[in-house]
Every structure is written in C-alpha cells, then in structure tokens.
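*Asks:* Mind folding the following:
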Amino acid sequence: MSDTTASLLLSLDVNKEMVSGQFEVHVEQVLFCNIASPLPFNVSKPQSAVREDVRLQYRYLDLRRPQMQHMLRMRSSTIHKMRKFLVETLNFVEVETPTLFRSSPGGAREFLVPSQQPGHFYALAQSPQQLKQLLMVGMVDRYFQLAKCYRDECQFADRQLEFTQLDMEVSFESKGFIQNTIEQLIMDSWPSHLQPCPELPFVHMTYNQVMEEFGSDKPDLRYGDVKLVQVTEFVPKLKSDAINASLQRGYPAYALLLKQAQVLSRSAIHKVIQTVEKELRWMVSSVNVGQHGEWHQHVFKNASRNAKDALNSLLKCENGDVMFLCAGPKELACSMLGRLRTRLIQKLAEMSSLYKRDAEDFRFLWVEDFPLFELRYEEGTLGKPSWVATHHPFTAPHADDLQYLDSDPARVRGQHFDLVLNGHEIGGGSMRISDPQVQTKVLDQILKLDCSNFQYLIDALAYGAPVHGGIALGLDRYFAVLLGKDNIREVLAFPKSSRTGACLMSDSPSKIDAQYLKDTYSITSTVTRGD
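*Replies:* Predicted coordinates for the structure are as follows:
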C-alpha cells in the first residue's frame, strides 16, 4: 500500500517484546497500490510440502520464506567480510576479468558464444585461471574477485551450469601462505551463529594417505574413525577364488568394517554394492558378522574358522557389523570401498544414532600431493589411453619429480591442494608453472594439446613471470555445507533445475529465430518447426 495517512502516538500499554512497542499507529487513510493474486502455494508451509519444480517456477515467491531470506543475508554478510579481510588486512586488489574468452581444449565442456565474424566463437570462461596468471605477469601480485564461471556439464546436487567462486592468485609466495590465508579468511568471515568456530590449523593429509585410509580424495573427517584396513596377508586362507585371483596378480586386499550396519537390509546393502561395481567395473564381497563371530556369507563357506577369527580380531568385529572385502589394483580397490563407505554411511546416518553427526560440526581438511597426470581412456573406446591433467594443465610439478616428466609421468606429483569440508570439495588451488619451457612440454609432449591455443600465456611467461599460485573457493557449495543443505540450489537466488539445467521461471533456454541466426551469426539451424 502507499499514500497512507497515519499519526504516531505514544502508547500507554508498552509492548516490551517489540522495538517499536512504545508507539501506536493510528491509521486515518489507506490506499492500495497493488492487490496480490492468489498464490500458487503457501509460502508459510515447509519447503518439503511444495514440489521443487513449482518452487523454481515461482522462485520470487519462494524467496519470501524465512529460510531463503536467512540464506541470502548470511551469504551477503559472509562475502562482505571476505572482501573486507582481503582488501583491508592483506592488501589484495579486486580485478574483474572477462567472461567472454577464448575456447580452451582439455577442460570441461564450454558454453560457446557466436560472434558476428562467421565461424568464430567466444567461450564463457570456465574460470579466470589463465587471466589471473596473466595478472601476475602484469605485477598485480595479490588478486581476487568473485568470479562467475560456466561449465556445460551434467547437473548434480552440488553442481550448476553457472557458479560463483572466490578466486585468488598471489606472486612470490608459497603454498603455505595461500593455505594460511584461506584459513584466516574463513575464520574472519565465519558466521557468528555457527559455534564453535573450526580449529586452526586445518588438518593436512596427502592424496595417498586419504585414498588408503578412506578410499576418497574428499573424505568426511566427522567419520574419521571409519577407515580402510589392508588385509592382504589375512585373506588367502579365506579360499575365495575371486580374491585369490587378484592376489596372484600381485594386487593388495583391503577391508572396511561398518559397525552395526545390519540395521540396513541385505537388499539395501546389495543395491549399493551393485551400483559401485557397475561404476568401477570391479567386485567387492560383503560379510554379515553374527553373535559369535560367524560369517553369514555363502562365498566364504570354505574359509577356515581360524582365518575368519583372525580378520574378526584385526577389525574388532561384533554382532551386527558388516565387513566388506576387495582385492585389486590399489587405487581401484580403495575407491570401491571408499564409495561404499560414503554411500552406506549416508544411509546409516538416517537410521542409527551411531552415525548421526552434529549439523554444526565442521571439519576442514587440506589434501595435497595429488598425481599431476592420470591415464584415461576416451569414453566408449578401447584404444590407447592418453594422459590428462588431474587438476589443470598449468599446475606446477613437484620440484623433486621434475626428473620424471619425460620418463614416467605417472610418478610426478603436482603442487595441487584441495580444501575439503565434511566430505565436500569446496576449494582447489596450486602453484603454477612459471617456466615457459616446462609449460610447453606439459601441453605439447605429455597432454598432446595444441600449444597455439595457449600461445599468449606461454609468451607471457617468457617475460619474467614470477613464481605464483592461487586457489578458488566454490562459494555455492561452501554455503550449502554451512547451511546443511543437500543441494546448492537451496543457496542460490535463481538456480537452474537439476534435471535439464533449465530456468523454469523464465523458460530458458529458449529458441532463437532461425533467420536472425543466419543473418547475424551466419549460423544455419537444423531444428525443424515443432522440435
């Protein structure tokens, strides 16, 4: 309403529960400027009472909910504190970089933007990675920005086609400086209603450590006591053909014990096992442990009682526990058990108090010393695998491993580090390659990428590039974890749908007139009417 005439009087009946409780408003005239149509849903009802597609279609109404208002304001306040810390405490410079940039091979699939030069396209920046390195060459030695990034990838609960990251880069500093800066930034901007604050310093583990102990490069340390155990010397006497076949090929065996996991049905556990086996194309065995240490699993019927007792003792098995065994290539076997660990703990947390964790128990972890490269087959082919960068092609090799770049790329560790929070990767950083010859070798000889696509960066490095490194924090995922949300759509004002990546509110993407495409961009549409 507007044009309201009213008078303000002191109240005789003071309401101490309200800030304005000592006043009364006497309304004399009210003129309505707009009348609301019937709402498509009741915004005062719980979010779970309304289908998500309806909430996204009418997002401007969904934003009226107190939870959404709290999210937007907490996000705004936290980002303000981050900016203030970087600028006023550490003298960082906020620099905006272009979102229209050159297409770069070797990364995620890009969104292409046509230009009026026929056959020439921009790409929406996947990240400001190359641009911030060029800023270091340009003597902007402490850079940051809130960067919008775009990747044409499948939608998941923790991924959107466009996302926001706190992007940083520094010159003449070490990995330790970058990590300490992030820790201090997080503490300085920590939401006041989330207590206690995380402990400093954050835990550090190597990639090899987290893979062998948890089977994941982003473990949830709230379940740090649930670890994989190498059992290679214990399993031969179990007389399992599948396990023994792997042992004969020199592969190790690992075990995972989930306490009291028999609260889950056998069919529920088997379904998760089947999913993981299909994803990684390997086998894992499960054992239900009985009251007296007996194993309720047909596949180990020929195993001696002594062999079973040895494993029971090693893993401290009790009635109601479930044991999982996998033998194979080390990283594969650990990954199998790691995926089972993560997914079954999620299910157990819904059913057993043993696995419930405080929603405001936040455990940060730095994971370091990743392999710089990995071999990967092209999807759907059985040809020769090729090397790909595990982080990005501008990550510096570990100084001690430079000698293996030519002879054995698999042995080269990268100066790459991830920040993990409660099982979610919320940041990734690295020291960068500053030597143009090393950069050329990585791109051309190892990754087999066309160096002409990166020539401007290689040229820049040749003009006395400083030692530099940086990091990016995924703010959407970070706030989702802080607010206890299962998907990042709940911490975005106007998210895309999870199924198609469409904006249900504006009905985009939308069709463009075929004649306009042809006249303006020399693009001929093959879509027929009605498609």
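
*Asks:* CA atoms for contacts and neighbours, from now on please.
*Replies:* Noted.

*Asks:* Spell out, range by range, the strands that occur in the stretch 351-500 of the chain.
*Replies:* 364-368, 373-376, 386-389, 416-421, 424-431, 468-474 (DSSP state E, counting those that start in this stretch).

*Asks:* between those strands, which one is nearest to Cys451?
*Replies:* strand 386-389 (14.9 Å; CA to CA).

*Asks:* and that closest one, what does it pack onto?
*Replies:* Under the contact definition 3 or more CA pairs under 8 Å, 6 or more residues apart in numbering; DSSP states H and E, strand 386-389 sits against strand 373-376.

*Asks:* elements contacting the strand it packs on?
*Replies:* The contact analysis (3+ CA pairs under 8 Å, 6+ apart) places strand 373-376 against strand 386-389.

*Asks:* Give me the mean pLDDT for the strand it packs on.
*Replies:* Average pLDDT, strand 386-389: 93.

*Asks:* Stretch 232-239: how far from the chain's middle?
*Replies:* Stretch 232-239 sits 37 Å away from the centroid of its parent chain (CA atoms, centre = their mean, to the nearest Å).

*Asks:* roughly how far is stretch 157-171 from the heart of the chain?
*Replies:* 10 Å.

*Asks:* Contacts for that stretch next, please.
*Replies:* 128, 132-133, 136, 141-155, 178, 466-477, 486-489, 495-496, 498, 501 (CA atoms under 8 Å, 6 or more residues apart in numbering).

*Asks:* And those, which of them are buried?
*Replies:* 128, 132-133, 136, 141-152, 178, 466-477, 487-489, 495-496, 498, 501 (16 or more other CA atoms under 10 Å).

*Asks:* For the strands of the stretch 351-500 of the chain, give me TSV that also has distance to Glu279.
*Replies:* Below are the strands of the stretch 351-500 of the chain laid out as TSV (distance: least, CA to CA, whole Å):
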stretch	distance to Glu279
strand 364-368	24
strand 373-376	15
strand 386-389	20
strand 416-421	23
strand 424-431	20
strand 468-474	26
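
*Asks:* For Phe92, which non-adjacent residue is closest in space?
*Replies:* Leaving aside its sequence neighbours, Phe92 sits nearest to Arg142 (CA to CA, 6 or more residues apart in numbering; 4.8 Å).

*Asks:* Phi, psi for the one you found please.
*Replies:* Backbone geometry at Arg142, expressed as degrees, to the nearest 10, gives phi -140, psi 100.

*Asks:* is it in a bridge, and if so with what?
*Replies:* Val170 (DSSP bridges).

*Asks:* list the contacts for it?
*Replies:* Counted by CA under 8 Å, 6+ apart, Arg142 has contacts Asn91, Phe92, Val93, Met136, Met168, Glu169, Val170, Ser171.

*Asks:* what do you get if the cut-off is 7 Å, keeping everything else the same?
*Replies:* Phe92, Val93, Glu169, Val170, Ser171 (CA atoms under 7 Å, 6 or more residues apart in numbering).

*Asks:* sorry, back to before: can you tell me which of the buried ones among the contacts of stretch 157-171 end up in helices?
*Replies:* Per DSSP state H, helices hold the following members of these: Lys132, Gln133, Met136, Ile178, Leu475, Asp476, Arg477.

*Asks:* Report the secondary structure state of Trp282.
*Replies:* coil (DSSP: H, G, I helix; E, B strand; the rest coil).

*Asks:* for Leu166, that is, sorry about that
*Replies:* Classified using three-state DSSP, Leu166 is strand.

*Asks:* gap between it and Tyr478?
*Replies:* Leu166 is 11 Å from Tyr478, where distance means CA to CA, to the nearest Å.

*Asks:* The two: who's more crowded?
*Replies:* Taking other CA atoms under 10 Å, Leu166 and Tyr478 do not tie; Tyr478 has more neighbours (21 against 18).

*Asks:* residue contacts, the closest residue to that one other than its chain neighbours?
*Replies:* With sequence-adjacent residues excluded and distances taken as CA to CA, 6+ apart, Tyr478 is closest to Ile426, at 5.7 Å. Contacts for Ile426 (CA under 7 Å, 6+ apart) come out as Leu419, Val420, Leu473, Gly474, Arg477, Tyr478.
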